[in-house]
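Undergrad: here is a sequence with its predicted model. Questions after.
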Amino acid sequence: MSPMPFEDLEAAYETLATAIDSAGAEREALFLTRLALVLGHKLGDIASFRNAVSTALEGLEQGHPFDAAEQENSSPS
Amino acid sequence: MRPAGKGPLDSLYFDYPNFSARHVPEHDGIATTHPVAIVGAGPIGMTAALVLARYGVRSVLLERKDTFNDGSRAICIARPSMHILERIGAVAPFAKKALGWRFGRSYYRGEQIFRLEMPHPAGEKYLPMYNLQQQYIEQFLHDSVSACDLIDMRWQSELTGIACGADGVSLDICSPAGDYRLDARYVLAADGARSAVRSMLGLRLKGENYEGKYVIADIRMDHDFPTERRAFFEPSGNPGGTVLIHKQPDDIWRVDYQLREGESEEEALREENIRARVGAILADIGHTKPWELEWWSIYSANTLCLDDYRHGRVCFIGDAAHIVPIFGVRGLNNGLADADNIGWKLALVLSSKADEKLLDSYSPERRGATLDVFANATKSTRFMTPPTRGWRLAREAALSLSLKHEFPRGLANPRQMQPYTYSDSPLTPYVNRDADFACGPLSGGASANAKLADGTHLLDRAGDGMTAILFCDGSPDAGQAALLRQLGELDKRFVSLVICCRGCESKAGAIADGDGEIAGLFGAQPGTLYLLRPDLYIAGRWKTIVPDEILKTAGVCLGRPTP
């Protein structure tokens, strides 16, 4: 498996951002899960898939700007 | 805006001069048609006047205000702009005062995830970027304007009307010294984002507005950090918003911070809120010593431009023609490139009998540059101010993965300004010749520079008109010499630079290239010729000379197309 050239990664980033918006906030988790499953199937290798899953899981606990309301209350004004 | 109790020009470090309105010949009914009137004496208008003056063309420079910009807005001067300033004879104070830089850092939640390193080839004379407050930029340009006999600088002179005719333009000017009408053959509109010329002519900027808002604050502090661009994503000092920090001369620092979604602009701009937010950001970067607030403003990103930068005898330059996002320092630098581009062309039309058609290339070249800026700046803006949930999530994913992984880090690259390549321009008719070269600057691109044995640089020797760089064994052969002679007949300002290739004995007047470094930079072999325009962009390049094509290219650039 060869890594993506940067220009393609950038295009993937843009495609992903736009697709999340198309899915809509309510269905974005379902969309992203489906996307992961499709990519895993294309990858064709369970070890690589598990590896990708743990890479994506790592560091998630740091929190998320999407609980924006909470952060706004505790920030300096 | 400035702190309570301070006037709009009450700066911690800059003494604003006050320029009065003058009595001018028009007040006495002396009607002259000026070759060029420039509306707006900001950095772009003053540069345009100095470019014209360099070619011996007179201009009247009209400014509504009585002093320089009330705050520091643009602060980054890119390398190509330093070359423009050099060629108008104004660069010395810039090089002395400005802070040069080429590195940057991006942080996510306090950890560095990206190291910006701007290319700095060994042959270059200037660093990729210099930071300098806009007041100084204007002051240094104004010093050159004042010293120039060909520029008639008129402060407190407001445009109140404009009438375009077939042979010229009439301007109505309102001044405390008396109102008058001023006639000019051409007008350059350099009157900024809220251009009066543009609205009086009924023209509108078109494009996109972006949602995200940034507060821009200048502060003074004794803070030990090199001149670098620092970007902070999700910093604890400004949760939910990005922060940018730049160093300026005189211990002045620029702090830009993004407002959170839905935050009230009015509240955000109140002095106590500015102080609290800046204080939190400074605590976050470890600055605990005192600091002083100088000036602040608010900004949101736009990609807006005119459909055509030329409207008959009126040409739009700088923000009057286009408004670009700040991320990537393209506003001032593209404006200076506009001024340089229209300046040499208009000077040729006014002084050397060039066909007016030469001006037709201004809008495609500079509007092309703007559209290229939009493409790059849109990417930076989407990263700096993600417009929707999808873009916010994608950025969060990329940034959080960047903490441990290399692959997404390039997405945080700010894509700093690069000069545009005019490969589609009518002034670049033989781009197909690029195929003969394995490397070197492209046709329509900015020329490379090389350091010479005596410490000077190759482009120091370029002329005010067309310049040929010819690589040869020893001296030019008969065919090459004849071509250089013909180019000299076509353009009285023509300059030829002969590069003596590797292993050749250096001839008087020629530039030695014993180690083949210059030839390598240009992908040249003996017989190769590069033709440079007055703005040091490459009009064409030929691996071995094709006299008809070279003469035709020079003719087109000089506004003398061959039939």
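TA: It's in.
Undergrad: residue 58: neighbour count?
TA: Here I'm looking at chain A. Neighbours of A:Glu58 under the rule other CB atoms under 10 Å in any protein chain shown: 13. Quick note: C-beta positions are derived from backbone N, CA and C, even for glycine.
Undergrad: um, chain B though
TA: By the criterion of other CB under 10 Å, B:Arg58 has 17 neighbours.
Undergrad: with B:Glu86 instead?
TA: Using other CB under 10 Å, B:Glu86 has 18 other residues around it.
Undergrad: wait, is it part of a helix?
TA: Yes: counting by DSSP: H, G, I helix; E, B strand; the rest coil, B:Glu86 is located in a helix.
Undergrad: name the residue most distant from the centre of chain B?
TA: B:Ala478 (40.7 Å; CA atoms, centre = their mean).
Undergrad: separation between that residue and chain A?
TA: For B:Ala478, the distance to chain A (CB to the nearest CB, to the nearest Å) stands at 48 Å.
Undergrad: which other helices and strands contact the lengthiest helix in chain B?
TA: Counting residues, the longest helix in chain B under DSSP state H turns out to be helix B:362-384. Helix B:362-384 is packed against helix A:6-23, strand B:206-221, strand B:291-305, strand B:322-323, helix B:331-351, with contacts defined by 3 or more CB pairs under 8 Å, 6 or more residues apart in numbering or on different chains; DSSP states H and E.
Undergrad: chain B against chain A: which residues are in contact?
TA: B:109, B:234, B:238-240, B:260-261, B:267, B:273, B:276-277, B:279-280, B:379, B:382, B:386, B:388-396, B:398, B:400-401, B:403-405, B:407-408, B:410-411 (CB under 8 Å from any CB of the partner chain).
Undergrad: go again with 7 Å.
TA: With CB under 7 Å from any CB of the partner chain as the criterion, chain B comes near chain A at residues B:109, B:234, B:239-240, B:260-261, B:273, B:276-277, B:280, B:388-394, B:396, B:398, B:400, B:403-404, B:407, B:410-411.
Undergrad: secondary structure element for B:Leu531?
TA: Per DSSP states H and E, B:Leu531 falls inside strand B:529-532.
Undergrad: per-domain residue ranges of chain B.
TA: Per the record, chain B has its domains at B:25-90+B:128-206+B:303-374, B:431-557, by automatic domain parsing.
Undergrad: neighbours of the residue nearest to B:Ala524 when sequence neighbours are not counted, just the number please.
TA: Leaving aside its sequence neighbours, B:Ala524 sits nearest to B:Phe471 (CB to CB, 6 or more residues apart in numbering or on different chains; 4.2 Å). For B:Phe471, the neighbour count with other CB under 10 Å is 26.
Undergrad: for B:Phe471, which three-state class applies?
TA: Per three-state DSSP, the secondary structure class of B:Phe471 is strand.
Undergrad: now A:Ala47
TA: Per three-state DSSP, the secondary structure class of A:Ala47 is helix.
Undergrad: what's the burial count for it?
TA: Look at A:Ala47: counted by other CB under 10 Å, it has 8 neighbours.
Undergrad: and the gap between it and chain B?
TA: 18 Å.
Undergrad: tell me the pLDDT at that residue?
TA: Turning to A:Ala47, the model gives it a pLDDT of 95.
Undergrad: ditto for B:Asn302
TA: On the pLDDT scale, B:Asn302 gets 86.
Undergrad: the nearest residue to B:Thr32 once chain neighbours are set aside and B:Ala268: what is the separation?
TA: Closest residue to B:Thr32 apart from its sequence neighbours, by CB to CB, 6+ apart: B:Pro25 at 6.6 Å. Between B:Pro25 and B:Ala268 the distance is 49 Å, computed by CB to CB, to the nearest Å.
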